[in-house]
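Undergrad: A structural model of the following input is requested.
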Amino acid sequence: QVPLVESGGGLVTPGGSLRLSCTASELTLEDRTVGWFRQAPGKEREGVACITTSGGTYYEDDVKGRFTISRDNTQNTVYLQMNNLRPEDTAVYYCAAGSSIVVVPIPEFYNTWGQGTQVTVSS
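TA: Alright, predicted model coming up:
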């Protein structure tokens, strides 16, 4: 069973919005820092945002003001609201859980991953 499951990806036109969800079946996300990452074809996986156990957030510069990460502990779910999407946001988006001491979305700091969801921004 996959420990984390992403959903909400799809095809959207530039300027549009999507909300990604990350749910867990075998671990409690409330106790972990959760990050969102993306990987475009031919590129390395990169961090997008993360949220700590206390609700602190971190965003990479190119998504600041457009993306919002949040968590609903009652649903054991972390969300990534993506607004004003651009073609360069096209990628497979992954969520991952790391230790509670992690405060930045650096992939090597996270040890539990989902399988990803495709986001395509195109007219």
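
Undergrad: switch to C-alpha atoms for all contacts and neighbour counts from now on
TA: Noted.

Undergrad: excluding sequence neighbours, find me the nearest residue to the residue positioned nearest the centre of the chain.
TA: When the chain is reduced to its mean C-alpha position, the nearest residue by CA atoms, centre = their mean turns out to be residue 36, at 2.4 Å. Leaving aside its chain neighbours, residue 36 sits nearest to residue 95 (4.5 Å; criterion: CA to CA, 6 or more residues apart in numbering).

Undergrad: helices along this structure, start to end?
TA: For the chain, no helices are identified by DSSP state H.

Undergrad: which residues of it fall in strands?
TA: 4-7, 10-12, 18-24, 33-39, 46-51, 57-59, 67-72, 77-82, 91-98, 110-113, 117-121 (DSSP state E).

Undergrad: flag every buried residue along the second one.
TA: Right, strand 10-12. The neighbour-count check on strand 10-12 (16 or more other CA atoms under 10 Å) flags residue 12 as buried.

Undergrad: for stretch 85-93, same thing?
TA: Neighbour-count burial for stretch 85-93, counted by 16+ other CA under 10 Å, picks out 85, 86, 89, 90, 91, 92, 93.

Undergrad: and stretch 72-80, by the same measure?
TA: So stretch 72-80, judged by 16+ other CA under 10 Å, has buried residues 77, 78, 79, 80.

Undergrad: and that stretch, end to end?
TA: Terminal residues of stretch 72-80 are spaced 11 Å apart (CA to CA, to the nearest Å).

Undergrad: cool, stretch 10-18 as well?
TA: Terminal residues of stretch 10-18 lie 8 Å apart, using CA to CA.
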